[in-house]
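Colleague: sequence first, predicted coordinates after that:
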Amino acid sequence: MQEKKLAIIATKGSLDWAYPPFILASTASALGYETEIFFTFYGLQLLKKKLSLEVTPLGNPGMPMPMSMDKWFPVMLTALPGMQAMMTSMMKKKMADKGVASLEELRELCQEAEVRLIACQMTVDLFDMPTSEFIEGIEYAGAARFFEFAGESDICLYI
């Protein structure tokens with residue numbers, strides 16, 4: 001029987017969008033899937049050695065807010081200076097309190113589980129991103145390389 005395959009495209013670079021690709025990839029790998037994540041555009045932030053990701057409540061109406069703020073706090077006020085930093089701190093504290101692994105830990109877990117982490121070469125070139133800023137053990141390739149794997153995958157997710 002042939003091994004199942006999971007292909008994930010990671011395009012977001014915020015704290016809240018960083019968890020799904022790593023959680024899904026590590027879980028799939030533990031279940032025996034051959035797994036690959038293709039990081040493109042802002043998703044490349046997730047491969048940097050130094051992660052400085054934030055969460056933004058702006059434009060995210062599904063985000064649960066503390067103290068039922070989503071019921072009474074005007075959405076426009078979430079754009080005020082300091083709100084993004086405050087929301088990021090609150091999210092990180094909640095994750096720590098609940099024992100959620102850090103992104104660095106999840107990323108290492110994926111590498112240990114042999115999940116292939118592919119940085120989109122075109123995007124790296126487009127944004128003049130120095131490869132020295134990225135973690136070790138990743139591959140650089142274009143969309144055609146991703147499609148070779150995704151075309152044979154049982155599941156393909158866009159995150």
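Modeller: Sure thing, it's come through.
Colleague: next helix or strand past the worst-scoring helix or strand of the chain on mean pLDDT?
Modeller: Averaged element by element with mean pLDDT, DSSP states H and E, the chain has its least confident helix or strand at helix 69-72 (a mean of 54). Of the helices and strands lying after helix 69-72 in sequence (DSSP states H and E), the nearest is helix 83-97.
Colleague: ok now the helix or strand following that next one, how far from the chain's centre?
Modeller: Tracing the chain C-terminally past helix 83-97 and defining elements by DSSP H and E, one meets helix 103-112 next. Taking Cα atoms, centre = their mean, to the nearest Å, one finds the center of helix 103-112 at 11 Å from the center of the full chain.
Colleague: packing partners for the very next helix or strand once past helix 103-112?
Modeller: Where DSSP H and E defines the elements, the next helix or strand beyond helix 103-112 is strand 116-120. Other elements packing on strand 116-120 under the criterion 3 or more Cβ pairs under 8 Å, 6 or more residues apart in numbering; DSSP states H and E are strand 34-39, helix 103-112, strand 139-141, helix 143-150. (Each C-beta comes from the backbone N, C-alpha and C, glycine too.)
Colleague: so the most centrally placed residue in the chain is in which element?
Modeller: A centroid search over the chain (Cα atoms, centre = their mean) returns Ala18, at 2.6 Å, as the residue closest to the centre. With the criterion set as DSSP H and E, the secondary-structure element containing Ala18 is helix 15-30.
Colleague: buried residues in that helix?
Modeller: Applying a neighbour-count criterion of 16 or more other Cβ atoms under 10 Å, one finds Leu15, Asp16, Trp17, Ala18, Tyr19, Pro21, Phe22, Leu24, Ala25, Ser26, Ala28, Ser29 buried in helix 15-30.
Colleague: just the closest of those to Phe39, please.
Modeller: Each of those was checked against Phe39 using Cβ to Cβ; the closest is Pro21, at 8.1 Å.
Colleague: residue contacts, that closest one?
Modeller: Taking Cβ atoms under 8 Å, 6 or more residues apart in numbering as the definition of contact, the neighbours of Pro21 are Ile8, Ala10, Ile37, Gly43, Leu46, Leu157, Ile159.
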